[in-house]
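1. Sequence first, then the predicted structure, then my questions.
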Amino acid sequence: MAEIAFRGVNKIYPNGFQAVYQLDLSIADGEFLVMVGPSGCGKSTTLRMLAGLETISSGDLLIAGQRVNDLHPRARNIAMVFQSYALYPHKTVQGNIEFPLRMAKLPAAEVKARALEVARMLELEPLLQRKPGLLSGGQRQRVAMARALVRDPVAFLMDEPLSNLDAKLRVQMRAEIAALQRRTGTTTVYVTHDQVEAMTMGDRVAVFKDGRLQQVDTPQQLFERPVNTFVAGFIGSPSMNLIAARMEPADGGPALTVAGERITLAREIETRFDFTGDDRITHIGLRPEDVADPQLVDADRRLHGRVALTELLGREQMVYLDLRDGTRLVARLRADRRLRPGDDIAVGIDPARLYLFQADGRALPYRQG
């Protein structure tokens, strides 16, 4: 196990395309860090630089305090699991697990003992004599993990390892991977485009966009205190509503003009944000689950619109509402509130649940605490 550190790392390809910009990121010994972001954001390139499969254009990569920029991948003692399991079809499960140890020319008795230990940990013992063609997707994924884990690496790297599995199996496997990491304590870096995976698995989550690290923090902090509109809109399912707004002074506290309507803010919101220079606010953020029942808020904290679409989700429903200026707002409401497309309704705004963003996309500074 080891601490990993990127210090001002850049990746520029020969054609001039820059995939990663000035990356500064530290991963603690034994930490489970998830890198998340849309396709092409630089997360997989970062993982491949860590593995030694991509060269670093500039900056330093440290593993356990040692600069490894020019160290051969095999010498880094890092194990990697790809989206493609890349199992040897002619070898049994046991043969696949033992392969890296045999390549390292370890004694046969040690090879067998370590392979059986890892197979037991991943509940693969009944499958040891089968070949990959006779395994399910989830079983093959566990074999790929076992083959990586048997080497006793200093770090475990995973690049979209669950992408080929169906939805139910993905949920099961991400729980198994998280539990395995807790048991082994191996430093793990996991890449995914699925923010639900990121939020449920990682000790911390690093959010990337266009080759730049946007924010790295615990899942809860990312959800509650996003630093900009990208993180706010990317983290959370369904996505946060981001709506153009204008801040204005008013008696009893600041007010917002949203979709042509005036929303009075509670002074309590000032305990969350630094309001120096209120005119910086250009957008508000409101999560669908935070849209309030209009009967529970004052009349000057409501927005009005027309229902465009509803999606019933058991005891809840997703309501897609077109506000008076045409802005689309998504609300998660109780299913017993019977709504149909074309209905004119009001929704409540709880100022304590709003997020405030400036013209450059950054969140208004949060107060400490």
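-> Yep, that arrived. Bear in mind the structure is a predicted one, so any value in this text is a computation, not a measurement. Residues are numbered from 1 along each chain as shown.
2. In the protein, spot the strand with the most residues.
-> In the chain, assigned by DSSP state E, the strand with the most residues is strand 302-313.
3. Any chance you could list what contacts it?
-> Residues outside strand 302-313 that contact it (C-beta atoms under 8 Å, 6 or more residues apart in numbering) are 258-259, 261, 263, 294, 317-324, 328-329, 335, 339-349. (Each C-beta comes from the backbone N, C-alpha and C, glycine too.)
4. Which of those are buried, as a ChimeraX select command?
-> Of the contacts of strand 302-313, the buried ones can be selected in ChimeraX as follows, counting by 16 or more other C-beta atoms under 10 Å:
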select :258,259,261,263,294,317,319,320,321,323,329,339,345,347,348,349
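5. So which of the contacts of strand 302-313 belong to strands?
-> Short answer: those in strands (DSSP E) are 258, 261, 263, 317-323, 328-329, 344-348.
6. check contacts around the closest residue to Leu169 other than its chain neighbours.
-> Nearest residue to Leu169 in three dimensions, chain neighbours excluded: Gly138, at 4.9 Å (C-beta to C-beta, 6 or more residues apart in numbering). Residues counted as contacts of Gly138 (C-beta under 8 Å, 6+ apart) are 165, 169, 172-173.
7. Any of these buried? List them.
-> Neighbour-count burial (16+ other C-beta under 10 Å) is assigned, among those, to 165, 173.
8. now the contacts of Gly138 in CSV, with secondary structure, pLDDT and distance to Val20?
-> Below are the contacts of Gly138 laid out as CSV (DSSP: H, G, I helix; E, B strand; the rest coil; pLDDT from 0 to 100; distance: C-beta to C-beta, whole Å):
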residue, secondary structure, pLDDT, distance to Val20
Leu165, coil, 74, 28
Leu169, helix, 77, 32
Gln172, helix, 82, 33
Met173, helix, 80, 28
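9. Let me have the contacts of Gly138 in a markdown table, extended by distance to Leu222.
-> Shown next, in a markdown table, are those (distance: C-beta to C-beta, whole Å):
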| residue | distance to Leu222 |
| --- | --- |
| Leu165 | 25 |
| Leu169 | 26 |
| Gln172 | 24 |
| Met173 | 23 |
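10. what's the closest of the contacts of Gly138 to Leu61?
-> The shortest approach to Leu61 among the contacts of Gly138 belongs to Met173, at 28.8 Å (C-beta to C-beta).
11. how about the helices of the stretch 1-150 of the chain, start to end?
-> 43-51, 93-103, 108-121, 137-149 (DSSP state H, counting those that start in this stretch).
12. Figure out which of the ones you listed is closest to Leu364.
-> helix 43-51 (27.6 Å).
13. Residues contacting that closest one, please?
-> 4, 6, 9, 11, 19-20, 23, 35-37, 54-56, 61, 73, 76, 78, 80, 155, 157, 159-160, 189, 191, 206, 208, 211.
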